[in-house]
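Q: Everything below, folded, please.
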Amino acid sequence: MSVVNSSGRTTTFTSERSLPRVPLPTLEESCERFLEWCGPLLTADEFATTEAAVESFLLPDSPAHRLQGALEQYNASDGVHSWLDAFWADRYLGRRDPIALNANYFILFKPSSDGQIARATSLVAGIVNYKLLLDAGRIPPAVERGQPLSMEQNKFLFSTTRIPGTVRDTLRSPYSPNWPGPTQERHVVVFFRGNLFRMDVIGSDGRPFAPSELAAGLRAGMAACADRAVPGTSVGHLTSKARADWAANRRALLDHHPRNVEMLDAIERALFCLSLEEDTPGDAQTACAQLLHGDSGNRWFDKSLSLIVFEDGAAGLNVEHSALDGATIVNFVDATFDHAGHDPLGGPVPKSHGMPAWEAIEFVLDPDLRTQVSAAADSFTALAGATATIAVSFDDFGANRAKQLKISPDAFVQMAYQLAHKRSRGFLGATYESIATRQYRHGRTEAMRVVTPEMVDFVSAMLDPNGDNKTRRVALHAAAERHVERVKECRAGHAPEQHLWELQLIQRRMGAEPLALFNTPGWLKMRDDRLSTSSTLASTNIEYSGFGPTGTQCIGVSYMMLPDMLKLHLSAPRPIADEMFRFAHQLREVITELQTVLSVEQPTD
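A: Purely as a prediction, here's the structure:
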């Protein structure tokens with residue numbers, strides 16, 4: 001659906017229909033690449049077993065051809081924008097574990113000298129301005145190297161809430177058949193000390209409240225919520241539960257009292273959530289941890305956007321991932337800072353609205369529901385405690401230094417990760433890297449596997465005590481060049497994992513027998529992440545971004561490459577915390593070492 005601005009020109013979503021579709025690989029293409037991708041992680045026997053399963057997978061009478069045919073038919077269906085449409089829904093909305101910490105991610109904004117109320121009102125005003133510009137179609141389409149990018153994810157920024165289901169979740173969102181066009185809601189939901197209240201941020205005339213007016217409303221609501229919520233009454237705790245359990249609790253809430261229907265509706269239809277925290281983090285690492293999890297009674301993890309502002313003015317976002325990827329959020333954050341303090345609609349100076357209307361949100365709970373709320377709070381505290389995190393900043397290395405050394409910045413850091421991982425954990429393991437593909441219609445990301453034969457050779461050369469600088473430099477450049485080639489392949493839609501994964505999902509939907517390929521050492525090892533990496537677009541408005549661990553043996557690596565700085569947020573399950581800390585220590589040494597390898601000419605060269 002396009003949005004038309006006042007001049008009659010479509011802008012924000014104008015390029016969507018003209019974008020190319022994500023290419024659908026053939027079975028043969030994906031199988032060939034799959035063997036190439038998993039090979040470096042396997043023993044000779046494991047590779048032979050995997051290769052035999054692939055040969056069977058490709059036989060003329062293999063059920064794989066029926067799965068591919070079903071996918072081709074789906075891709076050609078009316079209303080389908082990409083063969084990945086169903087994949088994304090299954091991947092995110094189909095997961096049954098808690099999304100808090102396991103799926104949601106965070107953004108920590110740059111520091112500010114403003115106090116809590118001033119920071120909150122400035123940020124709310126900027127976000128509301130962005131919303132109004134988006135509704136008017138006046139957010140310019142994102143462009144990369146002159147190529148327009150999909151803006152479809154912007155439709156899920158406001159009034160979007162993930163609804164828990166017994167088997168699979170759904171999204172309640174505008175721009176949908178049941179809710180056409182942009183949301184007309186004018187309120188946000190504010191959390192303070194485990195209490196909730198709704199507050200208007202847009203007046204009945206469609207214009208935003210001024211920051212001073214928002215501040216007055218927040219102060220009034222916070223004064224009414226001065227007493228911390230009674231234990232067992234902060235329903236936000238329930239959003240941290242496993243999805244089927246939360247679905248049962250939500251149904252119990254709706255069935256218990258008609259007022260609960262109204263309260264849930266107010267939360268789910270709100271533009272976004274604002275969490276006002278009593279804590280002062282003190283440092284960036286603590287702020288990151290609080291943004292990632294924090295007090296679940298002061299959160300609604302199902303909300304697409306939750307703006308979190310601490311007592312000292314530190315602030316950031318917690319983002320529900322099912323419809324929003326990091327690149328979209330970074331663009332949104334930068335625009336929010338750009339538009340703060342400006343009238344998005346122009347024209348005459350709007351009249352004062354006065355203090356915005358606000359109203360407490362209070363649920364009617366029986367003893368069983370209170371018990372469920374308390375149990376959820378305890379469980380999430382334990383889950384957060386079982387997760388270790390660290391924020392790491394490299395102030396002496398950035399994109400400019402990598403370019404000076406004539407190497408791709410992303411390839412450089414990915415090679416640094418592999419060498420540091422080998423030195424800290426003793427092995428090379430499956431490594432995931434997220435590659436943006438928004439140049440396609442409804443494009444999101446592609447899954448790339450970092451460990452190539454050239455990467456293995458590079459690590460071996462660096463660890464060889466008898467190796468010389470020339471050998472290491474040649475191996476480093478070869479690995480970097482192969483990394484860049486694979487990134488380009490993924491951007492072009494030539495990647496096997498998500499294609500084969502969707503075929504596996506189709507087989508499950510059909511209730512068919514599992515194919516041998518999906519139980520091979522290659523498939524299982526390639527996807528058993530030991531490093532899960534994702535880069536954040538460079539932004540001067542962001543300090544850190546991050547996510548929780550994606551597996552019991554996995555270190556999560558969120559990184560942002562600025563011109564003169566590299567910032568990382570690492571996460572890991574508590575049992576491998578020491579390995580994560582050793583990885584961080586080794587990484588600092590490795591980044592210095594690789595610069596030396598690239599910059600120092602040896603006499604023997």
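
Q: what are the ranges of the strands in the stretch 251-400 of the chain?
A: Taking DSSP state E, counting those that start in this stretch as the test, the strands found in the stretch 251-400 of the chain are 273-276, 305-309, 315-319, 358-361, 387-394.

Q: Parallel or antiparallel, which strands does the second one pair with?
A: Pointing back at strand 305-309 there. Strand 305-309 sits in its sheet next to strand 273-276 (parallel), strand 315-319 (antiparallel), going by DSSP bridges.

Q: same question, the longest one
A: Strand 387-394 has the following sheet partners, assigned by DSSP bridges: strand 565-573 (antiparallel).

Q: where in the stretch 251-400 of the chain is pLDDT low?
A: 339-351 (pLDDT under 70).

Q: Got the domain ranges for the chain?
A: According to automatic domain parsing, the chain comprises the domains 96-352+361-385, 389-495+528-599.

Q: Quote the end-to-end distance of the shortest one.
A: I take that to be domain 389-495+528-599. Counting by C-alpha to C-alpha, to the nearest Å, the length from the leading to the trailing residue of domain 389-495+528-599 is 33 Å.

Q: what's the spacing between it and its chain's center?
A: Centroid separation for domain 389-495+528-599 versus its chain: 18 Å, with C-alpha atoms, centre = their mean, to the nearest Å.

Q: picking up where we left off before, please name whichever of the domains of the chain is nearest to Pro63.
A: When these are ranked by distance to Pro63, counting by C-beta to C-beta, first place goes to domain 389-495+528-599 at 22.7 Å. The C-beta positions use only the backbone N, C-alpha and C, and glycine is treated the same way.

Q: Tell me where the stretch 1-150 of the chain has helices.
A: Along the stretch 1-150 of the chain, counting by DSSP state H, counting those that start in this stretch, helices occupy 27-38, 44-57, 64-75, 85-88, 116-135.

Q: Next, the buried residues of the fourth one.
A: Taking 16 or more other C-beta atoms under 10 Å as the basis for neighbour counts, the residues of helix 85-88 that come out buried are Asp85, Ala86, Phe87, Trp88.

Q: List the contacts of that helix.
A: Under the contact criterion C-beta atoms under 8 Å, 6 or more residues apart in numbering, helix 85-88 has outside partners Tyr74, Ser322, His442, Arg444, Gln498, Trp501, Glu502, Leu505.

Q: rerun that using 10 Å as the cut-off
A: The contact list for helix 85-88 (C-beta atoms under 10 Å, 6 or more residues apart in numbering) reads 22, 71, 74-75, 77, 79-80, 82, 94, 322-323, 442, 444-445, 498-499, 501-503, 505-506, 509.

Q: Pull out the buried members of these.
A: Of all the contacts of helix 85-88 considered here, the ones buried according to neighbour count by 16+ other C-beta under 10 Å are 22, 71, 74-75, 82, 94, 322-323, 442, 444-445, 498-499, 501-503, 505-506.

Q: since we're on Asp468, how many residues are nearby?
A: By the other C-beta atoms under 10 Å criterion, the neighbourhood of Asp468 contains 12 residues.

Q: Quick check: it vs Val597, distance?
A: According to C-beta to C-beta, to the nearest Å, Asp468 stands 10 Å off from Val597.

Q: Format the strands paired with strand 305-309 as TSV; extra columns: mean neighbour count and distance to Ala136.
A: Output for those, formatted as TSV (neighbours: other C-beta atoms under 10 Å; distance: least, C-beta to C-beta, whole Å):
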stretch	mean neighbour count	distance to Ala136
strand 273-276	24	23
strand 315-319	26	23
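
Q: and Gly354, which of those is closest to it?
A: Relative to Gly354, the nearest member of the strands paired with strand 305-309 by C-beta to C-beta is strand 273-276, separated by 19.8 Å.

Q: picking up where we left off before, closest one to Ser150 among the strands paired with strand 305-309?
A: Distances from Ser150 to each of the strands paired with strand 305-309 were compared by C-beta to C-beta, and the smallest falls on strand 315-319, at 17.6 Å.

Q: quick one, the closest one and helix 116-135 angle?
A: Put simply, strand 315-319 runs at 50 degrees to helix 116-135, going by axes from the mean of the first three to the mean of the last three C-alpha atoms, to 10 degrees.

Q: could you dump strand 315-319 to PDB, C-alpha only?
A: The C-alpha atoms that make up strand 315-319 are tabulated as PDB, following Å, rounded to 0.1, in the frame of the first residue of the first chain:
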ATOM      1  CA  ALA A 315      17.900   6.100  26.900                       C
ATOM      2  CA  GLY A 316      17.400   3.600  24.200                       C
ATOM      3  CA  LEU A 317      15.000   1.100  22.600                       C
ATOM      4  CA  ASN A 318      13.900  -2.500  23.100                       C
ATOM      5  CA  VAL A 319      12.600  -3.800  19.700                       C
END
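
Q: what's the spacing between that strand and its chain's center?
A: Per C-alpha atoms, centre = their mean, the centroid offset for strand 315-319 relative to its chain is 11 Å.

Q: Equivalent analysis for stretch 243-258, please.
A: With C-alpha atoms, centre = their mean as the basis, the distance from the averaged C-alpha position of stretch 243-258 to the chain average is 27 Å.

Q: buried set for it?
A: The neighbour-count check on stretch 243-258 (16+ other C-beta under 10 Å) flags Arg243, Ala244, Asp245, Trp246, Ala247, Ala248, Asn249, Arg250, Ala252, Leu253, His256 as buried.

Q: In strands, which of the buried ones among the contacts of helix 85-88 fall?
A: Secondary structure from DSSP state E places Thr445 of these in strands.

Q: Thr533 and Leu291, how far apart?
A: 19 Å.

Q: more crowded one of these two?
A: More crowded of Thr533 and Leu291, by other C-beta under 10 Å: Leu291, with 30 against 21.

Q: hmm, back to that, give me whichever of the helices of the stretch 1-150 of the chain is most buried.
A: Among the helices of the stretch 1-150 of the chain, the stretch with the highest mean neighbour count (mean count of other C-beta atoms under 10 Å) is helix 116-135, at a mean of 23.

Q: Give the rounded mean pLDDT of it.
A: Model confidence over helix 116-135 averages 96 on the pLDDT scale.

Q: How far does that helix sit from its chain's centre?
A: Averaged over its C-alpha atoms, helix 116-135 has a centre that lies 21 Å from its chain's centre (C-alpha atoms, centre = their mean).

Q: State the distance from Leu253 to Phe380.
A: In this structure, Leu253 and Phe380 are separated by 18 Å, where distance is defined by C-beta to C-beta.

Q: Could you dump the strands paired with strand 305-309 into JSON lines with distance to Arg473 added?
A: Supplementary listing: the strands paired with strand 305-309 in JSON lines, determined by distance: least, C-beta to C-beta, whole Å:
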{"stretch": "strand 273-276", "distance to Arg473": "49"}
{"stretch": "strand 315-319", "distance to Arg473": "40"}
